[in-house]
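Undergrad: curious how this folds, go ahead:
(chains A and B)
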Amino acid sequence: RKEVEQDPGPFNVPEGATVAFNCTYSNSASQSFFWYRQDCRKEPKLLMSVYSSGNEDGRFTAQLNRASQYISLLIRDSKLSDSATYLCAVKPPNDYKLSFGAGTTVTVRA
Amino acid sequence: SQTIHQWPATLVQPVGSPLSLECTVEGTSNPNLYWYRQAAGRGLQLLFYSVGIGQISSEVPQNLSASRPQDRQFILSSKKLLLSDSGFYLCAWSRQGVNYGYTFGSGTRLTVV
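TA: Residues are numbered from 1 along each chain as shown, chains lettered A, B, ... in the order given. The predicted model follows:
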């Protein structure tokens, strides 16, 4: 089983829609979780950290479900500029190496 | 503020030629440094990481090596490139500690021909 798994998508949504997707992780003791955004042929950029209580940044909401070992990202009121690949990243306990999922592609259409 | 520089942006090299990619970080000290490779349409594969000068750990056996001659400099090298070395190479840094995410450089797109 891979350390981190994501639905590759693509998720094709109209502007203004809400889109949500998950990322599962295998190590139940993992401590740190992140969402990154990667545009085509660019480097990944940190979108947000994921906290145990869940957190929100504008139109983006991240949740952590430890019992089921997944994190989620929800994008409200999608914009064309939200089209990208979203990578989740997980740090095992007592480790500084991030394991990345292969990414979920989101395409927002006009 | 901290910045990470990676160069060159693109590189086309013949099979069997050497490789040297450089990454430097500014505005911080004693960073953790990482080299990742991303094959076309694939996820990120950790190649090497370093927690200090001269300290290199390799994650996968391969045709590549890494060195950290200075605190904020990380170099990825190969003596003889293979076709399979083609990909998008990304350098990243993080603070020491388990709760920090990474910041990536802009990457080098390597094509071995």
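Undergrad: from chain B, which residue is nearest to chain A?
TA: Across chain B, the shortest distance to chain A (C-beta to the nearest C-beta) belongs to residue B:43, at 3.6 Å. From N, CA and C alone the C-beta is placed, and that goes for glycine too.
Undergrad: strands of the chain, start to end?
TA: With no chain named, the answer covers chain A. The residue ranges that make up the strands of chain A, judged by DSSP state E, are A:4-6, A:11-14, A:19-25, A:32-38, A:45-50, A:55-57, A:60-65, A:70-75, A:84-91, A:99-100, A:104-109.
Undergrad: correction: the question concerned chain B.
TA: Ranges of strands within chain B are B:3-7, B:10-13, B:19-26, B:32-38, B:44-52, B:55-58, B:65-70, B:73-78, B:87-94, B:103-104, B:108-112, based on DSSP E.
Undergrad: so what's the residue nearest the centre of chain B bridging to?
TA: Nearest to the mean C-alpha position of chain B, by C-alpha atoms, centre = their mean, lies residue B:35 at 3.0 Å. Going by DSSP bridges, residue B:35 is paired in beta bridges with residue B:48, residue B:91.
Undergrad: show me what contacts residue B:72?
TA: Residues in contact with residue B:72, defined by C-beta atoms under 8 Å, 6 or more residues apart in numbering or on different chains, are B:24, B:25, B:26, B:28, B:29, B:31.
Undergrad: repeat the analysis, applying 10 Å as the threshold.
TA: Under the criterion of C-beta atoms under 10 Å, 6 or more residues apart in numbering or on different chains, the contact partners of residue B:72 comprise B:2, B:4-5, B:23-31, B:33, B:53, B:93.
Undergrad: buried among the residues you listed? Need that as a selection in ChimeraX.
TA: Here is the ChimeraX selection string for the buried members of these, based on 16 or more other C-beta atoms under 10 Å in any protein chain shown:
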select /B:4,23,24,25,28,31,33,93
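Undergrad: what is the nearest of the contacts of residue B:72 to residue A:70?
TA: Looking at these and their distance to residue A:70, the nearest is residue B:93, at 27.7 Å (C-beta to C-beta).
Undergrad: what are the buried residues along stretch A:70-85?
TA: When neighbours are counted by 16+ other C-beta under 10 Å, the buried residues of stretch A:70-85 are found to be A:70, A:71, A:72, A:73, A:75, A:78, A:82, A:83, A:84, A:85.
Undergrad: the first one against residue A:88, yeah?
TA: Yes: checked against C-beta atoms under 10 Å, the pair residue A:70 and residue A:88 is within contact range at 9.0 Å.
Undergrad: near chain A, which residues of chain B? Just list them.
TA: Contact residues of chain B with respect to chain A, defined by C-beta under 10 Å from any C-beta of the partner chain, are listed as B:4, B:6, B:32, B:34, B:36, B:38, B:40-46, B:49, B:51, B:57, B:59, B:88, B:90-92, B:94-107, B:109.
Undergrad: what's the PyMOL line that selects buried ones from these?
TA: Selecting just the buried residues from the residues of chain B next to chain A in PyMOL takes one command, with 16+ other C-beta under 10 Å as the test:
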select buried, chain B and resi 4+6+32+34+36+38+43+44+46+49+88+90+91+92+94+100+101+102+103+104+105+107+109
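Undergrad: assess the claim that residue A:69 and residue A:25 are in contact.
TA: Yes: counting by C-beta under 10 Å, residue A:69 does reach residue A:25; the two are 5.4 Å apart.
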